[in-house]
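Trainee: Here is a sequence together with a model predicted from it:
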Amino acid sequence: MAKRKPKTRKAPTKRLKMPSLKLSSQQKLVFGSFLVISGLLLFIAFFSFLFTGDADQSALSEFASREIKTKNWLSKSGAWISHFFIQQGFGIAAFIFSGLVFLSGVYVLMDLKASKLRKHWFWGILIVIWLSILLGFFNEQNDILGGVIGFEINTFLQDYIGKTGTSLLLLFGLITYLALRFKITFETFINIFKKAKRNIKSELSDTSEDVFVPLDNNLSDEAEAIKSAFDISLEDDSSEPLKEEPKSKPNQPLEVNITKPEAEEESEIEIKVEQVKEEVSETDNLANKLVEDFGQFDPTLELAKYQFPTLDLLKKYDAEGIKINQDELEENKNKIVETLSNYKIGIASIKATIGPTVTLYEIVPDAGIRISKIKNLEDDIALSLSALGIRIIAPIPGKGTIGIEVPNKNATIVSMRSVIASKKFQSSEMQLPIALGKTISNETFVVDLAKMPHLLMAGATGQGKSVGLNAVLTSLLYKKHPAEVKFVLVDPKKVELTLFNKIERHYLAKLPDSEDAIITDNTKVINTLNSLCIEMDNRYELLKNAMCRNIAEYNAKFKARKLNPNEGHQFLPYIVLVVDEFADLIMTAGKEVETPIARLAQLARAIGIHLIIATQRPSVNVITGIIKANFPARIAFRVTSKIDSRTILDGAGADQLIGRGDMLYTQGNDLIRIQCAFVDTPEVEKITDYIGSQKAYPDAYMLPEYVGEESGTSLDIDISDRDKLFKDAAIVIVTAQQGSASLLQRKLKLGYNRAGRLIDQLEAAGIVGPFEGSKARQVLIPDLIALDQHLENEI
Ligand SMILES: Nc1ncnc2c1ncn2[C@@H]1O[C@H](COP(=O)(O)OP(=O)(O)OP(=O)(O)O)[C@@H](O)[C@H]1O
């Protein structure tokens, strides 16, 4: 088998997508051997039938009787099958069947191509028929030679075309067979005759005893083709080894051996289309292999057993589900119709949509009524309905109706549980899904913080801001694994977000030197914001190196192991910065806070840092133009004045809300009225307890270190206050004998501020001289040994 493989390559015989026997190796062995043995058994039965057929004739009808014995070597079955195939069938041509069955077994065992086998069967059967007719023609009496079929066809043919016709028909059959099967042409016959003539001549002059036919390779093949056709041999690849002989002695006279005809080889030449593989770059290859070996990188692996908080930690409210108060609806409708008719505004139709806190009455005014007229009547309608928080939307965008929102007498609480359990939230594919609450049509409102990409929340005190923040954080806790999102919490009021301390090592991020993860001190806020800016710059660098446009692409690439952790790449969690009481921060820190916030707001969306800023005082000096420009997504709870509403929403509306979580949400265009989901402190406590009690990371997520400018600029710097890099800086300066901050920046890869501070400290330590304008400072220590001594003396 191994030897034969290269030969098949010589004459490629593979066919495109040839259907093969779809058997397993074991099945092939079993089925193949079955066929081989069946072929042998058939042969034995047929062969023995030649001698025992007559004797067993009478026993055939007594097949069921065990007393009656048969002489066939395969007993009753052998006698019966042989009788069927030879006597009743094709005569001795039936031997070919045993050969075909045997050959099929060999094909299955050796897993050779089924297409070739099919050809053998096709031509084999034709030859069986032809031979059976031929033998029947010559031997009409003995039906063993031609069988009943050969005999019957013969008599039929002779009845119609006579003996001559039949013999010519047989000859025609033979020629057709040779021409089609072995691609033999008329020239081939002429060549054979010519060669044969030459042979006879050479034979006469040759004293050799054996009859040899000197043929060239080509011709021998043709001759073989004809001979093999007569031999009805079951030739296949297995006869190939014999072909080696003529090749080794090409000029020697050759004996005509039965070999596989070249003609057949040619007919088997099939085109093999090689699939050109897509070129894969090396890193991809490696990445694919890594993914194959280890699977995709799983960021959650470190806390693989982490359990997401369960729904039963959230409270279920009895009064959930909207109850329709028919009287209230009717009353409000009448009042609206009445008020409008007082002002001569006719209504064509009115429709009510009942939400959790407000009901929207959509009216279609009579033709010819000016919308502005209705808008101007807002206060009058509110007065006649004697209700707080009436909002008129004229017209409702995309609907062509006018909406009047009227608060329900009994508001329904939208529980956090109901929105978290909603299909919309549970099946959301968003990166940072937030279930804010329910819309006026009682649908759960889910938004993606990653798409917002930052959120500004404002509202007067006690209107539901803190609850809103908790709802946002709770949503993320229910949907995101600790490895996927980190919170930076700024809580100047010190009490609102303290509960989240429990999940510090799971979900919070903090500065390396700080004790508490939740930032309550204003100076620390500045450091944290600047640190986030450094984190942002670092992340941009990573994204640039990884050639990704955003964090989602980057993380996907990292998960697919296409980024090398040794080059600093790592899975990047989303960072959500939550600042409560932003006004307080701006009042105390002003520009120092505004600048990094604005920078983050402008740039951080792509690298997964998202800001949520809440404020009580939505005045223009708090929500400045630069902040507003970068916070397209805004939530307004109830505010006290129209001006405040304009500051947040760029329009009125927030002043007409009813409080207690009633809010307006905008993402730049439409205003959507939502009832914020209510999550109470005990619920948050339960959730944080649940998460906090589970295995956590060793520490909170570390933000990059930020060294504030305020630390140590005076010359009498305490030795203990020195920068960590003080000694390295001294070595750099003394080695280069050049006291410049830019040298330190370059060598130690520092920012300008830190390098400047180091130079100040070096000056205080007497290593460099005082500032000399544009010139570099003088270095007072000549070499490193002197530096060592100098520093030792200091201590
Ligand atoms: N979505 C809501 N559903 C029902 N009631 C709410 C909702 N949000 C807030 N409330 C009610 O309003 C009260 C005040 O809410 P919250 O503490 O969130 O106000 P706040 O705006 O944060 O006030 P402050 O700015 O003074 O902290 C809550 O105790 C609660 O009773």
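Mentor: Sure thing, it's come through.
Trainee: Spit out the contact partners of the residue in the chain that the ligand sits nearest to.
Mentor: For the chain, the residue closest to the ligand is Gly661, as judged by C-beta to the nearest ligand atom, at 2.2 Å. No exception for glycine: its C-beta is placed from N, CA and C like everyone else's. By C-beta atoms under 8 Å, 6 or more residues apart in numbering, the residues touching Gly661 are 357, 414, 437, 463-464, 467-468, 637, 675-678.
Trainee: again, 10 Å this time
Mentor: 356-357, 411, 413-414, 436-437, 459, 463-465, 467-468, 471, 637-638, 674-678 (C-beta atoms under 10 Å, 6 or more residues apart in numbering).
Trainee: And Ala387, by the same measure?
Mentor: Residues near Ala387 by C-beta under 10 Å, 6+ apart: 332, 335, 358, 381, 405-409, 658.
Trainee: Export the residues you listed as JSON lines, with columns for secondary structure, distance to Val447 and pLDDT.
Mentor: Output for those, formatted as JSON lines (DSSP: H, G, I helix; E, B strand; the rest coil; distance: C-beta to C-beta, whole Å; pLDDT from 0 to 100):
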{"residue": "Asn332", "secondary structure": "helix", "distance to Val447": "30", "pLDDT": "85"}
{"residue": "Lys335", "secondary structure": "helix", "distance to Val447": "34", "pLDDT": "84"}
{"residue": "Val358", "secondary structure": "strand", "distance to Val447": "20", "pLDDT": "87"}
{"residue": "Ile381", "secondary structure": "helix", "distance to Val447": "31", "pLDDT": "77"}
{"residue": "Glu405", "secondary structure": "strand", "distance to Val447": "21", "pLDDT": "86"}
{"residue": "Val406", "secondary structure": "strand", "distance to Val447": "26", "pLDDT": "86"}
{"residue": "Pro407", "secondary structure": "strand", "distance to Val447": "24", "pLDDT": "86"}
{"residue": "Asn408", "secondary structure": "coil", "distance to Val447": "24", "pLDDT": "85"}
{"residue": "Lys409", "secondary structure": "coil", "distance to Val447": "29", "pLDDT": "83"}
{"residue": "Ile658", "secondary structure": "coil", "distance to Val447": "22", "pLDDT": "87"}
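Trainee: Can you get me the start-to-end distance on stretch 472-485?
Mentor: Distance between the two ends of stretch 472-485: 13 Å, counting by C-alpha to C-alpha, to the nearest Å.
Trainee: Please give the centre-to-centre distance between that stretch and its chain.
Mentor: Relative to the centre of its chain, stretch 472-485 is centred 23 Å away, using C-alpha atoms, centre = their mean, to the nearest Å.
Trainee: Quick one: mean pLDDT for it?
Mentor: Averaging pLDDT along stretch 472-485 gives 93.
Trainee: just stretch 56-73 next, same as before
Mentor: Regarding stretch 56-73, the rounded mean pLDDT is 74.
Trainee: which of the residues in it are buried?
Mentor: 56, 59-60, 70-73 (16 or more other C-beta atoms under 10 Å).
Trainee: the helices in the stretch 1-150 of the chain, which residues?
Mentor: Using DSSP state H, counting those that start in this stretch, the helices of the stretch 1-150 of the chain run over 4-10, 25-56, 75-82, 95-110, 114-138, 143-182.
Trainee: one step back: now restrict the contacts of Gly661 to buried residues only.
Mentor: When the contacts of Gly661 are checked for burial by 16+ other C-beta under 10 Å, the buried set is 356-357, 411, 413-414, 436-437, 459, 463-465, 467-468, 471, 637-638, 674-678.
Trainee: Among these, which lie within strands?
Mentor: Among the buried ones among the contacts of Gly661, DSSP state E puts 436-437, 674-676 in strands.
Trainee: which of the residues you listed lies closest to Ala179?
Mentor: Set against Ala179, the nearest of those by C-beta to C-beta is Leu436 (84.0 Å).
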